[in-house]
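Q: Give me the fold of what follows.
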Amino acid sequence: MAKNYFLIVDTETTQDQKVADFGAVVCDKKGNVVASCGVLVKDIFDNPNHPLFFDSSAPSSALWSKKGADLRYARYTEMLNNGSRMLASVGAINRWLARIKSQYNPILTAYNLSFDKDKCNKTDIDLALFDRRFCLWYASYTICPYRKIS
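A: I've put the predicted structure just below:
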């Protein structure tokens, strides 16, 4: 019997709905991580025409305020400087995804898969390689549906 693997994707996006930070892990059913990728997307993250998401109407103390975006940029810059993150082109991300598809043929998932797929598509990150997929949020809701307590 073939072993099932999962490709779990998470993205951080810009105001114009592009992926600035791409993260993914490949793991088995027991949660053993066999591959991972965490990169800032070159020509998106480092382009001032694609600012990180923030809500201009949010109070300055709010996480999604302009001040919060400035703090996120500072943290990302620190990650770049200390080597815990690197800039990678969309082509490099797609080559990594193709290698993962070939090596593990994982089932694609994300907390909100339709959101991440849409943003990846707008950035030309090719998640369409993976024909088996499911949304973690939808799966959890199906297993444990929310019921209003009166």
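
Q: In contact with Tyr5, which residues?
A: Taking Cβ atoms under 8 Å, 6 or more residues apart in numbering as the criterion, Tyr5 is in contact with Val26, Cys27, Asp28, Val34, Tyr104, Asn105, Pro106, Ile107. The C-beta positions use only the backbone N, C-alpha and C, and glycine is treated the same way.

Q: Please tell me how far it sits from Leu108.
A: Between Tyr5 and Leu108 the distance is 10 Å, computed by Cβ to Cβ, to the nearest Å.

Q: What ranges does the protein have for its strands?
A: Across the chain, reading from the start of the chain, the strands by DSSP state E fall at 5-13, 19-28, 33-41, 87-88, 107-110, 133-135.

Q: what about Val132, neighbour count?
A: Slight slip there: residue 132 is Arg, not Val. Burial of Arg132, expressed as a neighbour count using other Cβ atoms under 10 Å, amounts to 12.

Q: Asp116 contacts Glu12, doesn't it?
A: No. With contacts defined as Cβ atoms under 8 Å, Asp116 does not count as touching Glu12, sitting 10.2 Å away.

Q: Compare neighbour counts for those two and give me the winner.
A: Ranked by neighbour count (other Cβ under 10 Å), Asp116 and Glu12 place Asp116 first, with 24 against 17.

Q: what's the nearest residue to the more buried one if we skip its chain neighbours?
A: In space, and not counting its chain neighbours, Asp116 is closest to Ala110: 4.3 Å by Cβ to Cβ, 6 or more residues apart in numbering.

Q: Longest helix in this protein, by number of residues?
A: For the chain, the longest helix by residue count, based on DSSP state H, is helix 66-82.
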